[in-house]
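In: just a sequence and a predicted model for now, questions to come.
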Amino acid sequence: MTEQGSTCERPRLLVLTSTYPRWSGDPEPGFVHELARRLTDRFDVHVIGPHAPGAKNRETLDGVVVHRYRYAPRAWETLVNDGGMLANIKRSPWKWLLVPGFLLGQWYAVRKAVRSYRPHVVHAHWMLPQGLIAAIALRDVPWVVTSHGADLYGLRGRWFARMRRWVLGRAAIVTLVSEAMRVRLLTESSGVKTAVMPMGVDTDSRFTPGGKGRNPNELLFVGRLVEKKGLHHLLHALPQILVEHPKARLTIVGFGPEEQRLRQITRDLTLEQHVQFVGALPQEALADHYRRACLFVAPFIEAGSGDQEGLGLVVAEAMACACPVVVGDVPAVHDLTGAAGGVSVDATNHSALANTINHLLRDSAERSRLGMSGRLRAEQLFSWRKASDQYADLLSALVKKRAS
């Protein structure tokens, strides 16, 4: 490999993450990969993430070289998938025992990559644990850390706040996916260099309006089945919706640790004929659901742990498909919907949630207006073209600064 500053080789970018597709078409959240692959035209991109059963230790996906480090016996490598690290630990507290191996495995993989790959710049996704590993393992390489929400909202207490401040004191800059997160971060880490830079959605080819027409009775939920998504509140509001709209149906796309509880709520409320659990779907299959639904409902809440949405990209995906959206009124969603891109409501108030949905089911003109304004907002603010250009410019500036 040539040294930094060569005119014949792209700069080398090392990406650290705990969430990454285990294989092509994996329904796990793929936004880190979507960004990484869009940076390959300006960077040579290597990703370090955790191994999982069924995944390869090393492979190339869409031009991105992926290294997956081992952190436990293969059958036990279940800390991060199927719901996320915090939700998995809450459901199975014994998984705290996997955390030391997870951290040690990542630290060793990063140190090995620094020696062999010699990155010019590093991008760590999530302040904890990837930012912590970067702060410990990196010495002469500039790095940026991106917070997506759980690392800020879900890890409460002085100890975690001190860890975040220590990490951010060593990063070149922290990017956050919403303005609400930036405000929250600065209350505990004032003086930190920040930028609001959300992840994106494919508004050009994947998430676009179209299809065969919308089903006037179909409500849609897409996302991990975890507490902060608030799906249990939508289920409890559904009987009131059915009083006025008895043909209404709710399609649930996703998987996670809350699934059995949600299925039990559905049975308890005798909603089996009105609720369909589709399970996990790859990104390629989601657009048809967004195009067919009458309303997309994302009843976000603050979980008991304090965790909440950092942005909520599924909402942007629905908006990009011109599907009108109703979202739970947590701070980050205002970056998504603004004043006209969607309707926000306190999802814990079941009557208010049901009334909002019933109003929109009655008013086709309002649904059409929301769909059109949402599509425009998604194109302007959340396209991958804009997001990848922003991150490419930021990372390139750090490379140039290091070389000067």
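Out: Everything's here; your move. Bear in mind the structure is a predicted one, so any value in this text is a computation, not a measurement.
In: what is the burial count for the closest residue in space to Leu155 that isn't next to it in sequence?
Out: Excluding the flanking residues, the one nearest Leu155 by CB to CB, 6 or more residues apart in numbering is Leu128, at 6.0 Å. C-betas here are computed from N, CA, C, even on glycine. Leu128: 22 surrounding residues under other CB atoms under 10 Å.
In: equivalent analysis for Gly25, please.
Out: A count of neighbours around Gly25, defined by other CB under 10 Å, yields 12.
In: check Gly306 too.
Out: When neighbours are counted by other CB under 10 Å, Gly306 registers 15.
In: before we move on, what about Lys95?
Out: Using other CB under 10 Å, Lys95 has 18 other residues around it.
In: please apply the same query to Tyr117.
Out: Other residues near Tyr117 number 18, with proximity taken as other CB under 10 Å.
In: contacting residues around it?
Out: 12, 14, 46 (CB atoms under 8 Å, 6 or more residues apart in numbering).
In: in the chain, where is pLDDT below threshold?
Out: Within the chain, the stretches with pLDDT under 70 are 1-8, 339.
In: how about 80 then?
Out: Residues of the chain meeting the criterion pLDDT under 80: 1-8, 338-341.
In: just say helix, strand or coil for the residue nearest to Leu155.
Out: helix (DSSP: H, G, I helix; E, B strand; the rest coil).
In: by contact count, what packs against the longest helix along the chain?
Out: Secondary structure of the chain per DSSP state H: the longest helix is helix 384-403. Other elements packing on helix 384-403 under the criterion 3 or more CB pairs under 8 Å, 6 or more residues apart in numbering; DSSP states H and E are helix 31-38, strand 121-125, strand 143-147, strand 173-176.
In: if you set the cut-off to 7 Å instead, what comes out?
Out: helix 31-38, strand 121-125, strand 143-147 (3 or more CB pairs under 7 Å, 6 or more residues apart in numbering; DSSP states H and E).
In: check contacts around the residue nearest to Leu155.
Out: By CB atoms under 7 Å, 6 or more residues apart in numbering, the residues touching Leu128 are 151, 155, 160, 163-164.
In: farthest-apart pair in those residues, please.
Out: Within the contacts of Leu128, two members stand farthest from each other by CB to CB: Asp151 and Met163, at 9.8 Å.
In: compare the two (neighbour count), which wins?
Out: Each of Asp151 and Met163 has its neighbours counted (other CB under 10 Å); Asp151 has more, 28 against 19.
In: separation between that one and Asp307?
Out: Distance of Asp151 to Asp307, computed by CB to CB, to the nearest Å: 10 Å.
In: likewise Arg206?
Out: 28 Å.
In: repeat that for Pro73.
Out: 28 Å.
In: those two: who's more crowded?
Out: The neighbour comparison of Pro73 against Asp307 (other CB under 10 Å) goes to Asp307, with 24 against 8.
In: which parts of this protein are helices?
Out: Taking DSSP H to define them, one finds helices in the chain at 31-38, 85-91, 99-116, 132-137, 158-168, 179-188, 231-244, 259-268, 283-292, 313-320, 333-337, 350-362, 364-381, 384-403.
In: could those helices go into a markdown table alongside distance to Phe277?
Out: Listed next are the helices of the chain as a markdown table, based on distance: least, CB to CB, whole Å:
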| stretch | distance to Phe277 |
| --- | --- |
| helix 31-38 | 24 |
| helix 85-91 | 18 |
| helix 99-116 | 30 |
| helix 132-137 | 36 |
| helix 158-168 | 34 |
| helix 179-188 | 30 |
| helix 231-244 | 10 |
| helix 259-268 | 7 |
| helix 283-292 | 13 |
| helix 313-320 | 16 |
| helix 333-337 | 24 |
| helix 350-362 | 19 |
| helix 364-381 | 25 |
| helix 384-403 | 29 |
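In: ok, the residue nearest to Arg70 when sequence neighbours are not counted - contacts?
Out: Closest residue in space to Arg70, ignoring its immediate chain neighbours: His51 at 5.1 Å, by CB to CB, 6+ apart. Going by CB under 7 Å, 6+ apart, His51 touches 57, 68-71, 77.
In: from those residues, pick the one nearest Pro142.
Out: Using CB to CB, the contacts of His51 come closest to Pro142 at Tyr69, 22.7 Å.
In: now for that closest one, how many residues are close by?
Out: Using other CB under 10 Å: Tyr69 sits among 21 other residues.
In: from Ser368, how far out is the nearest residue to it once chain neighbours are set aside?
Out: Spatial nearest neighbour of Tyr69, excluding adjacent residues (CB to CB, 6+ apart): Ala109 at 4.0 Å. Distance, Ala109 to Ser368, using CB to CB: 50 Å.
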